[in-house]
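Visitor: take this sequence and fold it.
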Amino acid sequence: MGTVKLHAVVKEDLDTEIEDFREFFKGEIHLDEKKDFYGPHQRVGGMSDLMTFKMMGAYRKIKEQGNMKGEGWVMGGVLVVGPGDQGLLYEHIEAKVAQRCDIDQVMEAVNKISQ
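Guide: Sure thing, here's the model as predicted:
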């Protein structure tokens, strides 16, 4: 496998959020304040998404205070896009708050990228 470029799209930059994120993400970070990348129909979560047993259990395990600034309800996703005609190789769109993608499927898509 060759070099794969990572990009993150974020919707806001409060205080030093983007710079702080660089500690964990080494790729390019794009600020999309208009939320154009999020599509014509933004998916947003609500309090009911947080009141599940799974989320309450996860909340109890949090060791770091974390960042509680900003709006926080717009859901995101993961795309793996190959060069040229390869196009979209993997897509995960959050349907529920904190729904994670399958990392094995992500890596399978990444391994398909032709250089």
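Visitor: residue ranges with poor pLDDT in this protein?
Guide: The model of the chain has pLDDT under 70 over residues 1-2, 39-73, 97, 115.
Visitor: the helices in it, which residues?
Guide: Secondary structure of the chain (DSSP state H): helices at 17-21, 47-50, 53-60, 103-112.
Visitor: could you report the neighbour count for residue 91?
Guide: Around residue 91 there are 13 other residues, counting by other Cβ atoms under 10 Å. Just so you know, the C-beta spots here come from the backbone N, C-alpha and C atoms, and that holds for glycine as well.
Visitor: same deal with residue 81?
Guide: Other residues lying near residue 81 total 14 when counted by other Cβ under 10 Å.
Visitor: swap in residue 86?
Guide: By the criterion of other Cβ under 10 Å, residue 86 has 13 neighbours.
Visitor: how close does residue 83 sit to residue 96?
Guide: Going from residue 83 to residue 96 by Cβ to Cβ, to the nearest Å gives 32 Å.
Visitor: what do you get for residue 18?
Guide: For residue 18, the distance to residue 96 - Cβ to Cβ - is 26 Å.
Visitor: equivalent analysis for residue 105, please.
Guide: Taking Cβ to Cβ as the measure, residue 105 falls 18 Å from residue 96.
Visitor: can you give me the strands in the protein?
Guide: For the chain, the strands defined by DSSP state E cover 7-10, 28-31, 77-81, 88-93.
Visitor: and residue 21, how many neighbours does it have?
Guide: A count of nearby residues for residue 21, using other Cβ under 10 Å, gives 14.
Visitor: which residue, other than its chain neighbours, is closest to it?
Guide: Of all residues not flanking residue 21 in the chain, residue 29 sits nearest, at 6.5 Å (Cβ to Cβ, 6 or more residues apart in numbering).
Visitor: list the contacts of that neighbour.
Guide: Going by Cβ atoms under 8 Å, 6 or more residues apart in numbering, residue 29 touches 7, 8, 10, 18, 21, 22.
Visitor: quick check: it vs residue 95, distance?
Guide: In terms of Cβ to Cβ, residue 29 sits 25 Å off from residue 95.
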